[in-house]
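J.: prediction below, plus the sequence it came from.
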Amino acid sequence: MLRTGRTLLFLFSAISGFAQSGSTLPSFDVAEVKINKSGAQEMYVDFRSGQVTVRNVPLRLLITAAYHIPDSSLEGAPGWLAVDRYDVIAKAAPTTPEDQLRLMVRTLLADRLKLATHEEQKPTAVYAMVVSKRGLKMQPSETAKIAEDRCRPGQGTPGDQHVVCQHMTMRDLADAIPNMAPGYIHGVPVVDQTDMKGSFEFKLDWTPAGRLNASIAGADGSTGTSFFDAVEAQLGLRLENRKVPMPVIVIDHVERVPVEN
């Protein structure tokens, strides 16, 4: 099981591009990387408050988190990358933004595990998030506050899913959607193509895919709203199937044993 330190935190969504090479990236004030041989199943990943805490995590997952990409956008990885587990504790200034922490993790991986990569562009099937023809229905947040937990469970029809979110940029929402509704999105990246700036607040209610499929098949007497219909009706957004060039990270070199801390 993967636990994260943030509600609806989705570490592995695609973004439009990557930053500079590892040699010019910022670094942590203090950092420790160790191999985890506990044999435990539970994993923990937390990027916030100027600190990265990782316990019992495969290096492949940590790399995708550092580059903010889905697993499908990582290529050239040796098989052990998905098997061997690692612990990381790394500290920076408490006000360090999450994106900056990701860059610091790249530096750490380059320094301690000699990770070397390059970027390529590859046509990829995605859900493009666009504003619907009837216009946006989300309300702007009153402030641009950065919240630790931007989304929390809401209340509504029993059996349905409900979230209440605030201070969410469109990129935040695109990142969060695959984790909100995995039964509908199936791991496909969601890419923000709204061109909308600022942060927003909203409520969203939808029927889980399994329950909706059962009602359609006549297995029970319930009715419901698909995630796609809910996003359009309640938020004024559409998720459209498209194929767009997306960055892919190719691993050129990585070592199994970290350099001594």
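T.: Right, received. Where do you want to start? Numbering: from 1, shown residues only.

J.: pLDDT score for E240?
T.: pLDDT for E240: 97.

J.: can you list the buried residues in the helix or strand containing it?
T.: Element membership for E240 (DSSP states H and E) is strand 237-253. For strand 237-253, the neighbour count (16 or more other Cβ atoms under 10 Å) marks 237-239, 246-249, 251 as buried. In short, each C-beta sits where N, CA and C put it, glycine included.

J.: could I get these as CSV with distance to A214?
T.: Below are the buried residues of strand 237-253 laid out as CSV (distance: Cβ to Cβ, whole Å):
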residue, distance to A214
L237, 26
R238, 25
L239, 22
M246, 34
P247, 38
V248, 37
I249, 39
I251, 42
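
J.: which member of those residues is positioned nearest V191?
T.: Of all those, V191 sits closest to M246, with 7.7 Å by Cβ to Cβ.

J.: hmm, M168 and F200 touching each other?
T.: Yes. The criterion here is Cβ atoms under 8 Å, and F200 meets it with M168 at 5.5 Å.

J.: list residues touching both of those two?
T.: S141 (Cβ atoms under 8 Å, 6 or more residues apart in numbering).

J.: in its sheet, what does the helix or strand harbouring M129 sit against?
T.: M129 belongs to strand 116-131 when elements are defined using DSSP H and E. With DSSP bridges as the test, strand 116-131 is paired with strand 190-192 (parallel), strand 237-253 (antiparallel).

J.: I'd like the next helix or strand past it.
T.: strand 139-140.

J.: in its sheet, what does the helix or strand just after that following strand sit against?
T.: Of the helices and strands lying after strand 139-140 in sequence (DSSP H and E), the nearest is strand 151-153. According to DSSP bridges, strand 151-153 forms sheet pairs with strand 161-168 (antiparallel).
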